[in-house]
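Chemist: Fold the stuff below for me.
(2 chains)
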Amino acid sequence: GENVEQHPSTLSVQEGDSAVIKCTYSDSASNYFPWYKQELGKGPQLIIDIRSNVGEKKDQRIAVTLNKTAKHFSLHITETQPEDSAVYFCAASKGGYQKVTFGTGTKLQVIP
Amino acid sequence: EAGVTQFPSHSVIEKGQTVTLRCDPISGHDNLYWYRRVMGKEIKFLLHFVKESKQDESGMPNNRFLAERTGGTYSTLKVQPAELEDSGVYFCASTTGNTDTQYFGPGTRLTVL
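Modeler: Numbering: from 1, shown residues only, chains lettered A, B, ... in the order given. Model prediction:
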């Protein structure tokens, strides 16, 4: 089955700096890669996703890149703000209504 | 539009007792999923309903876990008897099936003492 690895497990950045979280996946059949943000006491919330026919996607301060050959994908947050502090999960799926396989999470702390 | 709701938000039970978790998906979402996060590890898939049918239950850990979705609306996840290793946060998610996006509920934190 699919295995998703995520690094780093914790990340501290100064407000205004960039944060990068990296993930790898094992199943070449995976074609949908969502990123979730989980704040304290809440469930994971989708913040951005990318499909395997796209190499990069951007939404304001958030961008994701996908290297299908290397089975790598990354989340980039620019101009970080304290409200970006949360746990971020990368995930992989075969799309449609298929189950999602999550990485182990990255706890991001943005220091004011 | 109301999101995915879960009840209770927290549950503390003794080993050997029974607990039932409930999930109400977004209205009209035929696909419902259960996941759990144990001991700060990754969020792991448990099972997937399409309406009232179990589409994939490959993630269910053992026969102490029973999930139902009678009528294809809300779902329950029963743990009987609960063991210490069942402690964790149980998430429910739903989707229409026409989109890849799964919408997650706030989770139920289960503590087995």
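
Chemist: Can you list the low-confidence ranges for chain B?
Modeler: In the predicted model of chain B, residues B:1 satisfy pLDDT under 70.

Chemist: For the residue of chain B found nearest chain A, list each beta-bridge partner.
Modeler: Closest residue of chain B to chain A, CB to the nearest CB: B:Phe104 (3.7 Å). The way it works is simple: take the backbone N, C-alpha and C, and place the C-beta from them, glycine included. When bridges are called by DSSP bridges, B:Phe104 pairs up with B:Ala93.

Chemist: residues touching it, list them.
Modeler: With contact set as CB atoms under 8 Å, 6 or more residues apart in numbering or on different chains, B:Phe104 has these partners: A:36, A:43-45, B:4, B:35, B:91-93.

Chemist: how about a cut-off of 10 Å?
Modeler: A:36, A:38, A:42-46, A:100, B:3-4, B:6, B:33, B:35, B:43, B:91-94 (CB atoms under 10 Å, 6 or more residues apart in numbering or on different chains).

Chemist: A:Asp59 now?
Modeler: By CB under 10 Å, 6+ apart, the residues touching A:Asp59 are A:47-49.

Chemist: Among these, which ones lie close to chain B?
Modeler: For chain B, the contacts drawn from those by CB under 10 Å from any CB of the partner chain are A:Asp49.

Chemist: where do the helices sit along chain A?
Modeler: For chain A, applying DSSP state H gives no helices.

Chemist: What parts of it come near chain B?
Modeler: Within chain A, the positions near chain B by CB under 10 Å from any CB are A:1-6, A:9, A:31-34, A:36, A:38, A:41-46, A:49, A:51, A:87, A:89, A:91, A:93-105, A:107.
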